[in-house]
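Chemist: how would this look folded up:
(chains A and B)
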Amino acid sequence: MVVAQQQKAGTFQVLVGKIDDVLQYAIGDPLRYLANWGRLYSLWPVHLETACCSVEVGAAAGSRFDIERFGTLEAFGSLRACDLIIVMGTVTRKLAPRLKLIYDQMAEPKWVIAMGACSITGGLYFDSYNVLRGIDDIIPVDVYVPGCPPRAEALIQGIVLLQEKIRRMPTLSGR
Amino acid sequence: MRMTLESEYSPDADRIMAVSLGPQHPGAGHFRIRLWLDGDYVVKALPDAGYVHRGEEKMGEYRNYTQNVPHLERPVILDSSNILFAYSLGVDELMNSKVPPRAQYLRVIMSEINRIISHMYFIAIQGLFLGHTTMITWCMGDRDFWIDLGERIAGARVTFAYIIPGGVRNDIPEFAIEKGLKTCDWFEKRMGEYEKIFYDNPMVHQRSDGVGVLSRDDAIAFGATGTVARASGLALDVRKDEPYSSYSDFEFKTPVLTQGDSWARAYVALLDMRESIKIIRQALKGLPQGPVRLKLGPQPRVPAGEVYSRTEAARGEMSYHIVSDGSPRPYRLKIGVPSAKNLRALPHLLKNVHIADIPVIYWSLNYWPVEADR
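Modeler: The predicted structure follows:
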């Protein structure tokens, strides 16, 4: 008797699980897909120039490379509306607290691209007294774009990689 | 971020608001201006530089003269050849080396190409701050033709590292000469279009005429150089005053305007580019034959001594004070950059202006924070 009841409850649980799975595939996945699809073609970077790589970001936003083709807007607007930080080069000890503050003020979901050798490891300035050796000490990084400075094409590739990452993002809440 | 008011403003303390512009602000990249505002007017402005201070001078002391080349050009990435030009002139003078004439011509060509690249960026962002989107789209696109030319000569995109102590890194390929002459012809026509759409535009005149006027006396008092000084009626040009390398071989003028406002500072850049094209054309046509660099070895020995060298960079006078004690590394490397000299005028220019004029005045000084902070 008890065994039969247990079996019944077991089948019920399995059934609930199956329904849950079906719902997940039928509703959750399209929703997740829709949300991620919306996010990945409307990335809006913060205007935070940290060092000389900003020249190549300017070139990438210019008419020859035009990163807007890939769904990244130009870096103008409010911090609260942005969802991407492109760290353009060296982060010094004076700028590091500001970078952390800016990252914390942004709304979720948010992503970080570390552009240039300096923001990855310190680059040429690894032995300078005023330079942070890599920004991943203070904020999490999604995509690294190496180079000193990276060409505009490399930055575009970094953005496409980030979009690939966002497309596969498992939950609706982001991280 | 609000700041405490200073006591000198206490009578009007209720009216005056202290705000911070930057470092995260579209009008001021890697730079902060502390502002005290009375309604829409600026009462007082204090620039806060140093966000990109990377210790270039100290780093120069523990690298040898060849290793110093790549990191010294990074602060002035827009104008990378001119800062290396001054450094190479200094080291050449210390070592008493005679640079071959072909290398001197190539140095001039590269530094003039870089002047154009830098001025194009300057005009593009000036157009952006004036709300003139055509100018940034055009200039950023056209700037890439000059970068391509530099890439064909030197091999890298913006950090050319072309001018080195003892000459230049490599010879110019034959097709780059042809392409350079073609680019000059095309660009001369193109600059006429810039004048039509940007400089003669009534909207641009209204936004920048009489905005941020720096008089001739003030320019002298603040020690302005480069485009800022030339727009205020000071004919300062190291290429003319103290011709270095082979600049005495070429025919060119120093453009001088007398208005001293934001419009004049942007227009001087265009006139500068006209002269640069003249120099590039003369140098490409009269390029002498011969070697392009002296063999110095990987770790050149520089005799003990002291040297002060200067060049005319895109933003103004770029100077080096190199002290050598006979070891492979410099004992002291002092870099004097034009941006830092022109920044002194900013608090004076930002008095009693509208908030909307701040980016226009700030950028018209052709200020590049990475260069000023070193």
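
Chemist: now B:I358, what's its secondary structure?
Modeler: Going by DSSP: H, G, I helix; E, B strand; the rest coil, the secondary structure assigned to B:I358 is helix.

Chemist: ok, now how distant is it from B:L349?
Modeler: 10 Å (C-beta to C-beta, to the nearest Å). Every residue, glycine included, has its C-beta placed from N, CA and C.

Chemist: what's the burial count for residue 124?
Modeler: Picked chain A for this. 18 (other C-beta atoms under 10 Å in any protein chain shown).

Chemist: wrong one, chain B
Modeler: The criterion is other C-beta under 10 Å. On that basis, B:A124 has 22 neighbouring residues.

Chemist: now do the contacts for it.
Modeler: Contact partners of B:A124, counting by C-beta atoms under 8 Å, 6 or more residues apart in numbering or on different chains, are A:58, A:62, B:135-136, B:138-140, B:143.

Chemist: B:N68 too?
Modeler: B:60, B:87, B:330, B:333.

Chemist: could you redo the last one with a cut-off of 10 Å?
Modeler: Under the criterion of C-beta atoms under 10 Å, 6 or more residues apart in numbering or on different chains, the neighbours of B:N68 are B:56, B:59-62, B:84, B:87, B:91, B:164-165, B:322, B:329-330, B:333.

Chemist: next: A:M88.
Modeler: With contact taken as C-beta under 10 Å, 6+ apart, A:M88 is in contact with A:45, A:47-58, A:75, A:113-116, A:118-119, A:149-150, A:155, B:29-30.

Chemist: go with 7 Å
Modeler: Applying C-beta atoms under 7 Å, 6 or more residues apart in numbering or on different chains to A:M88 gives the contacts A:49-51, A:53-54, A:57, A:115-116.

Chemist: in helices, which of those fall?
Modeler: Residues of the contacts of A:M88 located in helices (DSSP state H): A:54, A:57.

Chemist: tell me what the helix or strand where B:M135 lies is packed against?
Modeler: Assigned by DSSP states H and E, B:M135 belongs to helix B:133-154. The criterion is 3 or more C-beta pairs under 7 Å, 6 or more residues apart in numbering or on different chains; DSSP states H and E, and the helices and strands that helix B:133-154 contacts are helix A:54-61, helix B:101-129, helix B:174-194.

Chemist: of all the ones you listed, which one is nearest B:I147?
Modeler: Closest approach to B:I147 among those is made by helix B:101-129 (6.1 Å; C-beta to C-beta).

Chemist: setting aside sequence neighbours, what's the nearest residue to the residue of chain A found nearest chain B?
Modeler: Nearest residue of chain A to chain B, counting by C-beta to the nearest C-beta: A:G62, 2.8 Å away. Take A:G62 and drop its neighbours on the chain: the residue closest to it by C-beta to C-beta, 6 or more residues apart in numbering or on different chains is B:M140, 2.8 Å away.

Chemist: contact residues of chain A facing chain B?
Modeler: Within chain A, the residues that sit near chain B (C-beta under 7 Å from any C-beta of the partner chain) are A:46-52, A:54-56, A:58-59, A:62-64, A:76, A:79, A:90, A:92, A:94-95, A:98, A:102, A:124-125, A:127-131, A:149, A:151.

Chemist: show the buried residues in these.
Modeler: Among those, those that count as buried by neighbour count (16 or more other C-beta atoms under 10 Å in any protein chain shown) are A:46-52, A:54-56, A:58-59, A:62, A:64, A:79, A:90, A:92, A:94-95, A:98, A:102, A:124-125, A:128, A:130-131, A:149, A:151.

Chemist: would you map the helices across chain A?
Modeler: Counting by DSSP H, chain A has these helices, from start to end: A:2-23, A:29-40, A:54-61, A:96-105, A:117-121, A:152-167.

Chemist: sweet, I'm off.
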